[in-house]
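[1] Below: sequence and its predicted model.
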Amino acid sequence: MWRQAQVWFRDRIPGKVSHLLLSLSSQALSATTTTRATRTITTLNTNASDMGAAGTHTVHTGDRLARLRELMRKDEIGVQAFVVPSEDQHSSEYLAHCDERRAFISGFNGSAGCAIVTLDKAFLFTDGRYFLQAEKQLDENWTLMKQGLPDVPSWQEFLYKKLDSNTKIGIDPALISASDAETLNKQLTPKGSSLVSVPYNLVDAIWDDRPARTQNKVFYLDEKYSGQSHQDKVANVRKELAKKKAKATVVNMLDEVAWLFNLRGSDIDFNPVFFSYAVITEDKVVLFINQEQLDESAKKYLGTHVEIKAYTEFFPYLQGLAGSLELKDDWKVLLGDKASLAVAEAVGEGKYTIARSPLTDLKAIKNQTELEGFRQCHIRDGAALARYFSWLEEQLNNGVELNESQGSDQLEKFRSELDLFMGLSFTTISSTGPNGAIIHYSPDPNDCEIIKKDQIYLCDSGGQYLDGTTDVTRTWHFGTPTEEEKRAFTRVLQGNIAIDTAIFPSGTTGYIIDSFARRALWQDGLDFRHGTGHGVGHFLNVHEGPHGIGTRITLNNSPLKAGMTVSNEPGYYADGRFGIRIENIVLVKEAKTPNNFGDKGYLGFENVTLCPIQTKLVDTKLLSEGEKTWLNKYHEEVFAKVSPLLKNDPRALEWLKRECTAI
């Protein structure tokens, strides 16, 4: 099935190349022949760069802002500020091109941020992952608000603390959650200000060449990969609804719809999802989708268990939902905390309650089939990584000039030859020297750096496979690293080991253990401006909630549980010089301990990522004996599991053997 799916993906997306790419030799990878716009192999990958900065060119936005402000002043709008969030109507982190409104109006195309435009100023809010990128991309019309730094407000705080009193603040109600809108209005009221739902999206109105919404085919993911039928998943959701006294729930998150029905699509680059909503009641399941997108396998699988309606019928259906349910007492419609204000308004005030979607938690805990899929796809992925890094080292040693984009192209070529491969899971971050300090950088094929032997090279990449999703970062030096680079790398490694070996009681959150990853860095006065780990979907979005490891207080609401997947990726970034990150994917599992204080049970991690960690960059004097043992055992496992897949690539096999040599 997977080969058929690959061919289907490849043949139906314009601007893609076929497996002609796979026949490219290393000598053919010249700067004049390889472009990101024509390198993609499946519909999960396009020339978009949502999940990283494709270059760092400044976009001139003066005309766009002038036209936007003209609309803001119109009588039927009448707002003094307009908020442009990153998210789409499904609260997606990564977007279809037609929904990249904040990127269009500001020029900043990182995956996280919010734009606020007033009648005379414009502000872009983003976090530490994107400070350098935003500084390069924003023009003189914008003020960069570096969230997380002292005295820098969040965009919500800015609205009620910095704007004048009696300000009308416009927003598209489909692009803000109902819970956030409610909180924000309470904060604005004392100042006489208010959040105003605009009748149409003002950015769309000035976006003359806005791309059309994608409507790619949707297919059935066999239960041999998903491990559970959609009927069983619906039954589990209904159990949760009964506990919460809910007559129905609205499913607005795209990955939750895909997970629920064991369907996958490609409407958003790198994310195997499709535009849809769902409603689950006590006796009915309705999927709202463009029915022409469903292929025969999907239609047959859904059968008569699921009622299918057009995507455009969703909001009219919601308007009659509460009445059809005969709501009584405190039984209401459950909306997830990511459901939009537009969804809440359609259901009707007083007829819904807002809480975390039950599907969020059910999806986060992988079943045994999914967990085994993660193990197996990471073994195959490890073989592609070994082939790439050994190839890259050989090219550089032979004096071949390769740029960052050509490197990422070659890595994708190796991945594309693997069984069950369906595309990349995000834009490859292939960065040399100073570009490695741009945390979510990815190279512009028309203007990027040559990979240099005397600089650190950071590569963060991942693949989508029918049996799982990978996300791995490795940092290499193909020449002679400095003592500063080795010390920083070793501190990052110690943080990775600390998370990998952590044992903690059930009920512990990633917020609590985040400091484990930073302790060694703190000893040297170093740190990093991103979370230590994010959840990972199963052949779904590479970023998945509700859990994670990081300093955001919201992570303290989601304890780590056996069956969850999470990344382990501490780093260090010397602005303008180099970046270091070591990332593995780990599975949360039950841990055996001599005691069981509090009768809670204890948890730990199982690593599944299999790629060497360059020992040349390790300052072994800083490592404890336990850390040295961990590194050696890790490399033993890598070699044992990956080497059988490299029998036909002597170069990669020899490289793997050398890189896995014990210290």
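    Received the coordinates, thanks.

[2] switch to C-alpha atoms for all contacts and neighbour counts from now on
    Will do.

[3] can you give me the helices for the stretch 301-450 of the chain?
    Here the stretch 301-450 of the chain has its helices, by DSSP state H, counting those that start in this stretch, at 314-325, 341-347, 358-364, 368-397, 404-416.

[4] Tell me the buried residues in stretch 483-496?
    Going by neighbour count (16 or more other Cα atoms under 10 Å), the buried part of stretch 483-496 is 485-496.

[5] and if you look at stretch 57-72?
    Of the residues in stretch 57-72, 57-61, 64-65, 68-69, 71-72 count as buried by neighbour count, 16+ other Cα under 10 Å.

[6] Of those residues, which one scores lowest on pLDDT?
    In terms of pLDDT, the weakest of the buried residues of stretch 57-72 is residue 57, which scores 78.

[7] so where do the strands sit in the stretch 151-300 of the chain?
    Using DSSP state E, counting those that start in this stretch, the strands of the stretch 151-300 of the chain run over 168-171, 194-197, 219-220, 246-251, 263-264, 276-281, 285-289.

[8] Just put these in TSV and tack on mean pLDDT, mean neighbour count and distance to residue 339.
    TSV is the format used below for the strands of the stretch 151-300 of the chain (pLDDT from 0 to 100; neighbours: other Cα atoms under 10 Å; distance: least, Cα to Cα, whole Å):
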stretch	mean pLDDT	mean neighbour count	distance to residue 339
strand 168-171	98	23	15
strand 194-197	96	21	15
strand 219-220	98	20	25
strand 246-251	97	24	8
strand 263-264	98	24	21
strand 276-281	98	22	11
strand 285-289	98	20	15
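
[9] Now render the ones you listed as TSV, adding distance to residue 614.
    Formatted as TSV, these follow (distance: least, Cα to Cα, whole Å):
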stretch	distance to residue 614
strand 168-171	48
strand 194-197	52
strand 219-220	40
strand 246-251	44
strand 263-264	36
strand 276-281	44
strand 285-289	47
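
[10] I'd like to know which of those lies nearest to residue 113.
    Counting by Cα to Cα, residue 113 lies closest to strand 168-171 out of the strands of the stretch 151-300 of the chain; the figure is 15.2 Å.

[11] what's the distance between residue 292 and residue 309?
    In this view, residue 292 and residue 309 are 11 Å apart by Cα to Cα, to the nearest Å.

[12] Give me the more crowded residue out of the two.
    Shown here are residue 292 and residue 309; by other Cα atoms under 10 Å, residue 309 has more neighbours (18 against 11).

[13] which residue sits closest to the more buried one, ignoring its sequence neighbours?
    residue 288 (4.8 Å; Cα to Cα, 6 or more residues apart in numbering).

[14] How many residues are close by the spatially closest residue to residue 418 that is not a sequence neighbour?
    Excluding its sequence neighbours, the residue lying closest to residue 418 (Cα to Cα, 6+ apart) is residue 380, at 6.7 Å. Residues lying near residue 380 (other Cα under 10 Å) number 22.

[15] contacting residues for the residue most central in space within the chain?
    Centroid check for the chain by Cα atoms, centre = their mean gives residue 543 as the closest residue, at 3.4 Å. By Cα atoms under 8 Å, 6 or more residues apart in numbering, the residues touching residue 543 are 534-537.

[16] looking at it, residue 585 is touching residue 611, isn't it?
    No. With contacts counted by Cα atoms under 8 Å, residue 585 stays clear of residue 611, the gap being 11.2 Å.

[17] hang on, the earlier thing: per-residue confidence at the residue nearest to residue 418?
    So residue 380 comes in at 98 (pLDDT).

[18] you'd agree it is up against residue 644?
    No. Applying Cα under 8 Å as the test, residue 380 and residue 644 come out as separate, 10.2 Å apart.

[19] State the distance from residue 76 to residue 202.
    Residue 76 is 12 Å from residue 202, by Cα to Cα.

[20] The two - which one has more neighbours?
    residue 202 (23 against 10).

[21] Kindly provide the distance from the more buried one to residue 212.
    17 Å.

[22] quick revisit: list the contacts for the residue nearest to residue 309?
    Neighbour list for residue 288: 276-278, 308-314 [criterion: Cα under 8 Å, 6+ apart].

[23] which one of the residues you listed is nearest residue 454?
    Set against residue 454, the nearest of the contacts of residue 288 by Cα to Cα is residue 276 (48.6 Å).

[24] Tell me if I'm right that residue 632 and residue 662 touch.
    Yes. Using Cα under 8 Å, residue 632 and residue 662 qualify as a contacting pair, with a distance of 5.1 Å.

[25] Other residues contacting the longest strand seen in the chain?
    The residue-count maximum for a strand in the chain (DSSP state E) belongs to strand 584-591. With contact meaning Cα under 8 Å, 6+ apart, strand 584-591 is reached by 371, 470-473, 500, 503, 560-569, 601-609.

[26] neighbouring strands for the next helix or strand after it, and are they parallel or not?
    Using DSSP states H and E, the helix or strand that follows strand 584-591 in sequence is strand 602-607. Applying DSSP bridges, strand 602-607 is found paired with strand 504-505 (antiparallel), strand 584-591 (antiparallel).

[27] could I get the ones you listed as JSON lines with mean neighbour count and mean pLDDT?
    JSON lines is the format used below for those (neighbours: other Cα atoms under 10 Å; pLDDT from 0 to 100):
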{"stretch": "strand 504-505", "mean neighbour count": "19", "mean pLDDT": "98"}
{"stretch": "strand 584-591", "mean neighbour count": "22", "mean pLDDT": "98"}
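
[28] so which of these comes closest to residue 547?
    Of all these, strand 584-591 sits nearest to residue 547, with 11.3 Å by Cα to Cα.

[29] The closest one vs helix 368-397, what angle?
    Counting by axes from the mean of the first three to the mean of the last three Cα atoms, to 10 degrees, strand 584-591 lies at 150 degrees to helix 368-397.

[30] got a list of what residue 653 touches?
    Neighbouring residues of residue 653 by Cα under 8 Å, 6+ apart: 386, 643, 646-647.
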